[in-house]
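# Give me a model of this one.
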Amino acid sequence: MGEITMMILGSPCICLLVLSNINMSFPGRSLQQAWHLVDANNQTVGRVAGQIAQILKGKHKPTFQPNKDMGDHIVVINAEKVVFSGTKWKSKVYRWHTGYPGGLKQRRAEEMLERKPEEILKKAVLGMLKRNNLRHQSIEPRLRIYEGPSHPHTAQLPHSTARAPPVPRARSNNFHFGLNNYAAIRNASSNK
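Next up, the predicted model:
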């Protein structure tokens, strides 16, 4: 509790200020996990991975809580057609260890594109998420990446489903991760 002294009509008056924390909690039944289709054709790896990571975490929802599983499912198609900026195809190196002595392995990005093209985007997205139980148990299984334009999730994503808008090369004021209606409403209210 805080205490504030105020002057009302020349005489001091003590008012009590009650500060309370409002906790908003949503039971599991009210959480809805949508399915999003992202086409990675001719998209820069880091930009599209940033958009996917935000949707996987659920930061695009007004009910976002960092310690809860709030995100949506993502299906990425055309993963073999992603692009890097600059000379990263030759200079970017992916490293991992086999667990045996002397088992440090490495592969350049262009070699990774030939062998496992979906791993390039998967490593970029998972590198943008915190390493905790929420990521390992809930967020990682909701990311599905496929090489070509076809995917086995037509029951959740029919052919009439609109693809997510491509990420712009340069940030602009009207790009809000699919929340274009919110941006239009906000701009209309600020112009009044």
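# Spit out the contact partners of residue 108.
89, 90, 91, 92, 93, 94 (C-beta atoms under 8 Å, 6 or more residues apart in numbering). Every C-beta, even on glycine, is put in place using the N, C-alpha and C of the backbone.
# any low-confidence regions in the protein?
Low-confidence segments of the chain (pLDDT under 70): 1-30, 169-192.
# Helices of that one, residue ranges please.
With helices called from DSSP state H, the chain shows them at 45-57, 88-91, 109-115, 117-126, 133-134, 180-190.
# Write a ChimeraX command that selects only the buried members of the contacts of residue 108.
Buried residues among the contacts of residue 108 (16 or more other C-beta atoms under 10 Å), as a ChimeraX selection:
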select :92
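# how about the helices of the chain, which one is nearest residue 140?
Smallest distance to residue 140 across the helices of the chain (C-beta to C-beta): 6.8 Å, for helix 117-126.
# Does anything pack onto the closest one? Which helices or strands?
Packed against helix 117-126 by the contact rule (3 or more C-beta pairs under 8 Å, 6 or more residues apart in numbering; DSSP states H and E) you find helix 45-57, helix 109-115, strand 143-145.
# tell me which residues of that helix are tucked away?
Of the residues in helix 117-126, those buried under the neighbour-count criterion (16+ other C-beta under 10 Å) are 117, 118, 120, 121, 122, 124, 125, 126.
# For the residues you listed, give me TSV that also has distance to residue 147.
Formatted as TSV, those follow (distance: C-beta to C-beta, whole Å):
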residue	distance to residue 147
117	6
118	6
120	11
121	10
122	12
124	16
125	16
126	18
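# re earlier: could the helices and strands packed on helix 117-126 go into TSV alongside distance to residue 163 and mean neighbour count?
Formatted as TSV, the helices and strands packed on helix 117-126 follow (distance: least, C-beta to C-beta, whole Å; neighbours: other C-beta atoms under 10 Å):
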stretch	distance to residue 163	mean neighbour count
helix 45-57	12	21
helix 109-115	22	14
strand 143-145	15	20
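# Distance to residue 99 added to the ones you listed, as TSV?
Converted to TSV, those look like this (distance: least, C-beta to C-beta, whole Å):
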stretch	distance to residue 99
helix 45-57	27
helix 109-115	20
strand 143-145	25
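# closest to residue 158 out of these?
Among the helices and strands packed on helix 117-126, the nearest to residue 158 by C-beta to C-beta is strand 143-145 (16.0 Å).
# Listing partners with orientation, what would you give for the closest one?
Paired with strand 143-145 in the same sheet, following DSSP bridges, are strand 73-77 (parallel).
# relative orientation of the partner strand and helix 117-126 in degrees?
Computed by axes from the mean of the first three to the mean of the last three C-alpha atoms, to 10 degrees, the angle separating strand 73-77 from helix 117-126 equals 140 degrees.
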